[in-house]
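[1] Sharing a model prediction with you, sequence too.
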Amino acid sequence: MRALPHPATEDIQLTEVLRALSDPARLAIVARLAEVGEEACNDLGDGLGVHKSTLSHHYRVLREAGVTRARWVGRTKVSSLRRDDLESRFPGLLDAIIDGALSRTHA
């Protein structure tokens, strides 16, 4: 499998991160990754109620914005948050967004 393109840390733009996180499905994916660390993309989509092609679009938007990192493990694509990269570019942003998302789902 070919490597998936990701922006370099210094190329991650705040506007793109915020745009990627503005969608409820993508925000749910990020909140889930914050809880589990790394997970197969197939499993991340469980419970979102969107088609497989729509999930692929959401994963691509998150990856291209620099929010997640995707890699192949055998024939399975797994995703994880680029927490360290985002923290170095925008300190506290990811935690604030995740905390806000989780407090809304647990309220």
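    Arrived safely, thanks for sending.

[2] could you say what helices and strands the helix or strand harbouring Asn42 packs with?
    Here Asn42, judged by DSSP states H and E, is contained in helix 41-44. On a contact count with 3 or more Cβ pairs under 8 Å, 6 or more residues apart in numbering; DSSP states H and E, helix 41-44 meets helix 24-36, helix 52-65, strand 76-81. C-beta here means a position set from N, CA and C on the backbone, and glycine is covered the same way.

[3] Remind me what the second one packs against, helices and strands.
    Going back to what we said before, that points to helix 52-65. Using 3+ Cβ pairs under 8 Å, 6+ apart: helix 52-65 touches helix 14-21, helix 24-36, helix 41-44, strand 68-73, strand 76-81.

[4] Would you mark the buried spots in the second one?
    When neighbours are counted by 16 or more other Cβ atoms under 10 Å, the buried residues of helix 24-36 are found to be 25-34.

[5] Now tabulate the residues you listed in JSON lines and tack on distance to Val50.
    Below are these laid out as JSON lines (distance: Cβ to Cβ, whole Å):
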{"residue": "Ala25", "distance to Val50": "6"}
{"residue": "Arg26", "distance to Val50": "10"}
{"residue": "Leu27", "distance to Val50": "13"}
{"residue": "Ala28", "distance to Val50": "10"}
{"residue": "Ile29", "distance to Val50": "10"}
{"residue": "Val30", "distance to Val50": "15"}
{"residue": "Ala31", "distance to Val50": "15"}
{"residue": "Arg32", "distance to Val50": "14"}
{"residue": "Leu33", "distance to Val50": "16"}
{"residue": "Ala34", "distance to Val50": "20"}
